[in-house]
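> pasted the sequence and its predicted model underneath.
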Amino acid sequence: MPFRDLRGQAVRRSGEELVRHLQSFVLEPKFSVGVWYLSPFASRFHDKYMPDRDIPARLDLVARLKDDGVVGVEAHYPAEVHEDNLDLWKAFIRDTGIRLVALAPGIFYDRDFEFGALSSPLPAARQKAIQRTIRTLELCRELDTDLAILWPGIDGYENPFGQNFADLRARFAEGLAEAMDAVPGVRAPPRRASSWPTGWRECSVTPRTAACSRRGMPW
């Protein structure tokens, strides 16, 4: 599951050299698609504008985008990829040549994660998040993804008062380390969680979100 070699980006060019470089190749854009995006979400502001699509219907849409440069698809476990549809995903990858490039553990939506997932102070909820992350990493290996996406949208806080920042960070880091040690060799970089108006943590466990910086908070 290698990352692309980006060392060529370290080359510095003048303006004229950049123009010559741009004229030396034909750009062929390649994209990956989040499979969750292909079915409507309910909103607190409006109803769904179209019917729900199941996973086979969404994968059919992805396959039809291949000629437009789509070479990969991203998904969550267990929302879109799970034990009951692994054969469907494997057949899709085999028949279309479009890879599952990234799989993310769904450790932000469940009611159990009200007070955090990997950072939760509740042992049962935290263990659920760790085990779900481990299973996601196992599937990343089985499906030959490039990486696991870790989006800690529910790990953090809204109000800093009464928060033990060091403990919260430690629980998150140690939980992620436990999962990665259980399935070595799979890359799982945490993504910085944005501030959303729909329930995600205002200040994420990942450092320096814009919302925290505006408030002068320590993350």
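Received the coordinates, thanks.

> so Tyr77 touches Pro105, yeah?
Yes - counting by CB atoms under 8 Å, Tyr77 does reach Pro105; the two are 5.8 Å apart. Glycine gets a C-beta too; all of them are placed from N, C-alpha and C.

> what is in contact with these two at once?
With contacts taken as CB atoms under 8 Å, 6 or more residues apart in numbering, Tyr77 and Pro105 have 132, 135-136 as neighbours in common.

> now, among these, which is nearest to Leu65?
Closest approach between these and Leu65, by CB to CB: Thr136, at 24.8 Å.

> for that closest one, which non-adjacent residue is spatially closest?
Leaving aside its sequence neighbours, Thr136 sits nearest to Pro105 (CB to CB, 6 or more residues apart in numbering; 3.9 Å).

> which ones are touching the one you found?
76-77, 129, 132-133, 135-136, 148, 150.

> repeat for Arg12
Arg12 neighbours (CB under 8 Å, 6+ apart): none.

> distance of it relative to Asp67?
Using CB to CB, to the nearest Å, Arg12 is found at 36 Å from Asp67.

> highest neighbour count among the contacts of Pro105?
Ala129 (30 neighbours; other CB atoms under 10 Å).

> what secondary structure does that residue sit in?
The local conformation at Ala129, judged by DSSP: H, G, I helix; E, B strand; the rest coil, is helix.

> what segments of this protein are strands?
Using DSSP state E, the strands found in the chain span residues 31-34, 70-77, 99-105, 147-148, 156-157, 203-204.

> for Pro189, find the nearest of the ones you listed.
strand 147-148 (6.8 Å).

> follow-up on the earlier one: for Leu27, state which of the contacts of Pro105 is nearest.
Closest approach to Leu27 among these (CB to CB): Ala148, at 28.7 Å.

> wait, doesn't that closest one sit right on Pro190?
No - under the criterion of CB under 8 Å, Ala148 is not in contact with Pro190, lying 10.1 Å apart.

> any weak-confidence spans in this protein?
For the chain, applying pLDDT under 70 flags the ranges 1-3, 191-200, 207-219.

> go ahead and flag the most central residue of it.
In the chain, the centroid-proximal residue (CA atoms, centre = their mean) is Ile149; its distance is 3.4 Å.

> what's the closest non-adjacent residue to Arg135?
Tyr77 (6.5 Å).

> if I look at the one you found, how far off is Asp84?
Distance from Tyr77 to Asp84, by CB to CB: 12 Å.
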